[in-house]
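Enquirer: sequence plus the predicted model coming up.
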Amino acid sequence: MHIATWNVNSLKVRLPQVLDWLGSHRPDALCLQELKLEDAKFPLAELRAAGYHAAFSGQKTYNGVAILSREPAANVAFGIAGFDDEQRRVISADVRGVRLVCAYVPNGQSVDSDKYRYKLNWLAAFSGWLARELAAHSRLAVLGDFNVAPEDRDVHDPKAWEGQALVSPSEREAFRRLVGLGFKDSFRLFEQPEKSYTWWDYRMNGFGRNLGLRIDHILLSSDLSVNCGSCSIDLEPRRNERPSDHAPVVAEINI
DNA sequence: ATGGCTATGTAGCATAGA
């Protein structure tokens, strides 16, 4: 079973690339973030024609998440139970007996902003809810744009980023606490190339110079992680014309 | 170097992203 996550930064703009990618990789499930479109404009027919079902939670202009799957998803749920949030950032569903949580964690902007406080509150609520989800689903995967680079090796220039949003100690602590509920960062289960990142700034030829951050992750519960055969970042779509600023991450689970 | 680039909403720029 192959599962993947990709922040597409507008599904409207990136739809041809998503369809291409689905065609060449045929994942069992693909989690998308930053759809930036309302549900009425979700390209269901095009995805169905490509052989994929979709569960989605969209929003005009901002946010929006979806789970695409070859087999229809079951038990679709929206948001974080017990945490009221206008922003469409979480969708969950069962695909082939695995509980998938697709998440778009807030960016946080800067550490002295309201958005940063919202991010930390959001992560606390997310962790509390995931603890309950983990108790209910032994086969649980959390995929998405976490907007946290967990360690200095996930940052192209740790000195330059020190103390900023995405790498600040409080965010990293929140990420560690979340993983500590009983997950593995699937990417770190394996030997990986140095300077592996999933996001690069559009400006200053960030991708060409590999000035990136690893902020998109696939977290696996113990029952899944022991059966994880690989996890890798697919750099190819970042080389496309009009690319998303994020690259997809793919994990293979032998179940 | 507080710039640089992209997408959206909406009509010349503002906001957001990371």
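Expert: Sure, I can see it.
Enquirer: pLDDT wise, what is residue A:97 at?
Expert: We have a pLDDT of 97 for residue A:97.
Enquirer: contacts only, for it.
Expert: Applying CB atoms under 8 Å, 6 or more residues apart in numbering to residue A:97 gives the contacts A:139, A:255. All C-beta spots, glycine's among them, are computed from the backbone N, C-alpha and C.
Enquirer: now do residue A:29
Expert: A:2-4, A:67-70, A:73, A:95-96, A:98, A:100.
Enquirer: now it: how far from residue A:100?
Expert: 6 Å (CB to CB, to the nearest Å).
Enquirer: common neighbours of those two, please.
Expert: A:3, A:67, A:73.
Enquirer: of these, which is the nearest to residue A:175?
Expert: residue A:3 (19.8 Å; CB to CB).
Enquirer: hmm, that closest one is touching residue A:250, no?
Expert: Yes: between residue A:3 and residue A:250 there is a contact under CB atoms under 8 Å: 7.4 Å.
Enquirer: give me the more crowded residue out of those two.
Expert: residue A:3 (28 against 21; other CB atoms under 10 Å).
Enquirer: in which helix or strand would I find that one?
Expert: Taking DSSP states H and E as the definition, residue A:3 sits inside strand A:2-7.
Enquirer: tell me which parts of the stretch 1-150 of chain A are close to DNA strand B?
Expert: A:7, A:9-10, A:12-13, A:34, A:36-37, A:60-62, A:106-107, A:109-110, A:115, A:145, A:147 (CB under 7 Å from any atom of the strand).
Enquirer: which ones among those residues lie within helices?
Expert: Among those, DSSP state H puts A:12-13, A:115 in helices.
Enquirer: tell me which residue is most central in chain A.
Expert: Chain A has residue A:144 as the residue nearest its centroid, 1.1 Å off, counting by CA atoms, centre = their mean.
Enquirer: now residue A:97: how far from residue A:233?
Expert: 26 Å.
Enquirer: what is the neighbour count of residue A:6?
Expert: 29.
Enquirer: which residues are in contact with it?
Expert: A:18, A:21, A:30-33, A:216, A:237, A:244, A:246-249.
Enquirer: measure the residue of the stretch 51-200 of chain A found nearest DNA strand B to residue A:226 for me?
Expert: Nearest residue of the stretch 51-200 of chain A to DNA strand B (CB to the nearest atom of the strand) works out as residue A:107 at 3.4 Å. Per CB to CB, residue A:107 is found 33 Å from residue A:226.
Enquirer: which of those two has more residues huddled nearby?
Expert: residue A:107 (16 against 12).
Enquirer: need the phi and psi values for that one.
Expert: phi -70, psi -50 (degrees, to the nearest 10).
Enquirer: can you tell me which residues contact residue A:246?
Expert: A:6-9, A:145, A:198-199, A:216, A:238.
Enquirer: tell me which helix or strand the residue located most distally from the centre of chain A sits in.
Expert: Going by CA atoms, centre = their mean, the residue of chain A most distant from its centre is residue A:159, 25.4 Å out. Residue A:159 is part of helix A:158-161 when elements are defined by DSSP H and E.
Enquirer: residues of that helix that come out buried?
Expert: residue A:161 (16 or more other CB atoms under 10 Å).
Enquirer: alpha carbons only: can I get it in PDB?
Expert: Taking C-alpha atoms only, helix A:158-161 is exported to PDB below (Å, rounded to 0.1, in the frame of the first residue of the first chain):
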ATOM      1  CA  PRO A 158      19.600  26.600  10.900                       C
ATOM      2  CA  LYS A 159      21.500  29.700  12.000                       C
ATOM      3  CA  ALA A 160      19.500  31.900   9.600                       C
ATOM      4  CA  TRP A 161      16.200  30.400  10.700                       C
END
